[in-house]
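**Student:** I would like to see how this sequence folds:
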Amino acid sequence: GYSAGAAIAGPSLEGLEQLDDPAECLLACGTPATWTGLGLVPYRIVPHYRSPGHEHPERIEDLVQQHSRAGASFRALADSDVIIVDDQG
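**Tutor:** Now for the predicted structure:
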């Protein structure tokens with residue numbers, strides 16, 4: 001999906017199993033889910049944050065709260081948000 005490109009840019013996908021069933025990866029690809037991101041940005045990405053029309057907004061809110069309580073470095077992005085990374089970081 002379009003949020004997967006943003007989510008995989010971070011160092012970890014941990015927590016996103018609350019939004020999508022990791023068993024679907026095994027069914028669709030024949031391999032288990034991978035939890036390591038590409039590390040293009042130094043924080044996790046939580047997609048669809050407070051975005052109208054998303055089917056499970058409470059799961060996204062819960063994940064943001066979970067990351068906050070754990071002190072995890074993350075950014076919660078609405079569907080209209082972008083992150084720009086340039087040569088200055």
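**Student:** Could you measure from residue 67 over to residue 31?
**Tutor:** 26 Å (Cβ to Cβ, to the nearest Å). (Each C-beta comes from the backbone N, C-alpha and C, glycine too.)
**Student:** quick one, which of these two is more surrounded?
**Tutor:** residue 67 (19 against 8; other Cβ atoms under 10 Å).
**Student:** List the contacts of that one.
**Tutor:** 15, 44, 46, 74 (Cβ atoms under 8 Å, 6 or more residues apart in numbering).
**Student:** swap in residue 54?
**Tutor:** Per Cβ under 8 Å, 6+ apart, neighbours of residue 54: 48, 60, 79.
**Student:** Select from the residues you listed the one having the most neighbours.
**Tutor:** residue 48 (23 neighbours).
**Student:** Pretty sure it sits against residue 79.
**Tutor:** Yes - proximity of residue 48 to residue 79 meets the contact threshold set by Cβ atoms under 8 Å, at 6.1 Å.
**Student:** so where is the protein shaky, pLDDT-wise?
**Tutor:** 1-2, 89 (pLDDT under 70).
**Student:** what's the longest helix in it?
**Tutor:** Scanning the chain for the helix with the most residues, using DSSP state H, yields helix 57-70.
**Student:** buried ones in that one?
**Tutor:** The neighbour-count check on helix 57-70 (16 or more other Cβ atoms under 10 Å) flags 60, 63-64, 67 as buried.
**Student:** From the contacts of residue 54, pick the one nearest residue 85.
**Tutor:** Nearest to residue 85 out of the contacts of residue 54 is residue 79 (Cβ to Cβ; 19.2 Å).
**Student:** which ones are touching the closest one?
**Tutor:** Residues near residue 79 by Cβ under 8 Å, 6+ apart: 47-48, 51, 54.
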